[in-house]
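Novice: okay, predicted coordinates and the sequence, questions at the end:
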Amino acid sequence: MNPSNRSILPSPPDKAVISARLAARAISLLLASASALHAITPVPAEILPERIPGAKPRNVVFILSDDHRYDAMSFLGHQFAETPVMDSLAANGAYLKNALVTTSLCSPSRASILTGLYTFRHRVIDNNRPIPKGTVYFPQYLQKAGFATGFIGKWHMGGESDAPQPGWDHWVSFKGQGEYLPPSPDYTLNVNGKRVKQKGYITNELTDYAVDWLKEQKPAEKPFFLYLSHKAVHANFTPEEKYDGKFKDITFKRPETEASTPDNLMQPRWLRDQRNSWHGVDFPYHSELNIERYYKRYCEALCSVDDSIGRVLQQLKDMGIYEETLVIYMGDNGFMFGEHGLIDKRVAYETSMRVPMLVQCPAIIKGGTVVDEMIANIDVAPTVMEAMALKKPAHMDGESFLPLAEGKKIPWREQFLYVYYWEKNFPQTPTTFAIRSDRFKYITYYGLWDADEFYDMQEDPEESRNLLYDPAHKKQAKQMENKLYQMMGELGGMEIPLNQPSGGINNVRLRERGGEKASNFPPPMVVDEPINTNAN
């Protein structure tokens, strides 16, 4: 460690401070779980950071990738992915194996990360609308507290603008999804309000900007928060030249739930219809897309994200602050490559709503730690704030998971909510509400004449058997449905936020794949004889 940095590195808090923190968090969680005492605190108009007594701020680096599914890391035995740096984060820090997002869609998920709020509270419900007025981002608290803040990469809320947003001292971004390679010689990024040409492959270029900003920091004088937000691995997947074709000769194993068989007739009919659609394997993006090649290029593009993390870690080592800096890596949502007959995301299945999350800080987190609890994107803001010695603002829905990563036992959520709001431009996926526990998941769809879903993820991790109609699970399914609506009511989710539709509508089907007819209803929804004997 660089001796010149030793004076500003946070020392472990004493036992009294730890006990006070854990007691306060326990009380907060217990109150939040009691419906009679729960009240939603409005988002404040004024940013008033409050310091944690006795705590010293820690430098934090948060790295986000796009569409990185939870299992696409080599230490998990993935069929293609090679992620040696991510593997090292798990070996040297903590793997949060049940990390989830509130909505599996870029803008809503990113808004939950930045606000600490469920989607129905921050109301960023799609990828097209401008950011609602009054939105408060947690880096505004960091900036107000005197810390250095830098945002580099994909913002993607209010897709038509790349203008600097509140809370950031340093800003590098682009409009919408951005480009892997500059589409023209005049294509530009927004660097602190100025137009600067993109020079090359975006993953490497964003990393250059991040490393350069880190080199300018003086953590002895001013702790920092860096948010590096990659475009990768969003479609259309474009690997860096040196990785292009890396996995082309590896055998591809298709997911078992892709097959359309009698075993999955209990699926909702909208799901079986969606196979022949923009987000289905029978008509993917209304094209003849090769899913195998698509998946392999995705993992090839991911290699550069892994390299990027490695470069950031090396820079922290060069600065002498590697051991004491909290590094968080996660994806903004999952992605499907044939599971349930689908591609892309949006739905409440595990491969859509579950994401990779790795946390490293050797000074406080033991290598090889595995956290089983359900961690969510709404927890990022409180976690970063606690690491930087600031209390969680009362209006946030999430909680700091830092004690869990440190191996401490604290009260934690037993259920987690998922929501997705129908988009006219992608009309195949209905408005979805789901509740997930550590074992069961209940999914319901708003405004459809169709089947809900209930899964035992312990016995059926692929979510291939809908148990909704199984008499043995009827009571448990009803309990979870009741809990879903109870939590939605307590947290302010019983109103559906609406936006005027924007963009085109991807509503065509392929004739040769049964495009002229709809799927059959689940068998329990069809009767052979009249059942109402009171109609006269």
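Specialist: Perfect, I can see it now.

Novice: quick one: the helices in the stretch 301-450 of the chain, in order.
Specialist: 350-353, 380-387, 402-405 (DSSP state H, counting those that start in this stretch).

Novice: test my guess that residue 424 contacts residue 505.
Specialist: Yes. The criterion here is C-beta atoms under 8 Å, and residue 424 meets it with residue 505 at 5.8 Å. Every C-beta, even on glycine, is put in place using the N, C-alpha and C of the backbone.

Novice: comparing the two, which residue is more hemmed in?
Specialist: In this view residue 424 and residue 505 are compared by other C-beta atoms under 10 Å, and residue 424 has more residues nearby, 15 against 12.

Novice: gap between the more buried one and residue 431?
Specialist: Distance of residue 424 to residue 431, given as C-beta to C-beta, to the nearest Å: 12 Å.

Novice: ok, now residue 339?
Specialist: Taking C-beta to C-beta, one finds residue 339 at 21 Å from residue 431.

Novice: the more surrounded of these two?
Specialist: Ranked by neighbour count (other C-beta under 10 Å), residue 339 and residue 431 place residue 339 first, with 24 against 16.

Novice: can you pull the contacts of the more buried one?
Specialist: Residues in contact with residue 339 (C-beta atoms under 8 Å, 6 or more residues apart in numbering) are 255, 257-258, 349, 351, 462.

Novice: which of those lies closest to residue 99?
Specialist: Nearest to residue 99 among the contacts of residue 339, counting by C-beta to C-beta, is residue 351 at 13.2 Å.

Novice: residues in contact with residue 360?
Specialist: 89, 92-94, 326-327 are the contacts of residue 360 under C-beta under 8 Å, 6+ apart.

Novice: dump those residues to CSV, plus distance to residue 107.
Specialist: Converted to CSV, these look like this (distance: C-beta to C-beta, whole Å):
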residue, distance to residue 107
89, 26
92, 32
93, 28
94, 28
326, 26
327, 25
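
Novice: save those residues as JSON lines, and put in neighbour count and pLDDT too.
Specialist: Formatted as JSON lines, these follow (neighbours: other C-beta atoms under 10 Å; pLDDT from 0 to 100):
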{"residue": "89", "neighbour count": "27", "pLDDT": "98"}
{"residue": "92", "neighbour count": "19", "pLDDT": "98"}
{"residue": "93", "neighbour count": "24", "pLDDT": "98"}
{"residue": "94", "neighbour count": "27", "pLDDT": "98"}
{"residue": "326", "neighbour count": "25", "pLDDT": "98"}
{"residue": "327", "neighbour count": "24", "pLDDT": "98"}
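
Novice: enumerate every residue touching the spatially closest residue to residue 271 that is not a sequence neighbour.
Specialist: Leaving aside its sequence neighbours, residue 271 sits nearest to residue 340 (C-beta to C-beta, 6 or more residues apart in numbering; 6.4 Å). By C-beta under 8 Å, 6+ apart, the residues touching residue 340 are 257-258, 267, 271, 347, 349, 463.

Novice: report the two of these separated the most.
Specialist: Largest separation among those by C-beta to C-beta: 258 and 347, giving 14.1 Å.

Novice: more neighbours: these two, which one.
Specialist: Ranked by neighbour count (other C-beta under 10 Å), residue 258 and residue 347 place residue 347 first, with 26 against 18.
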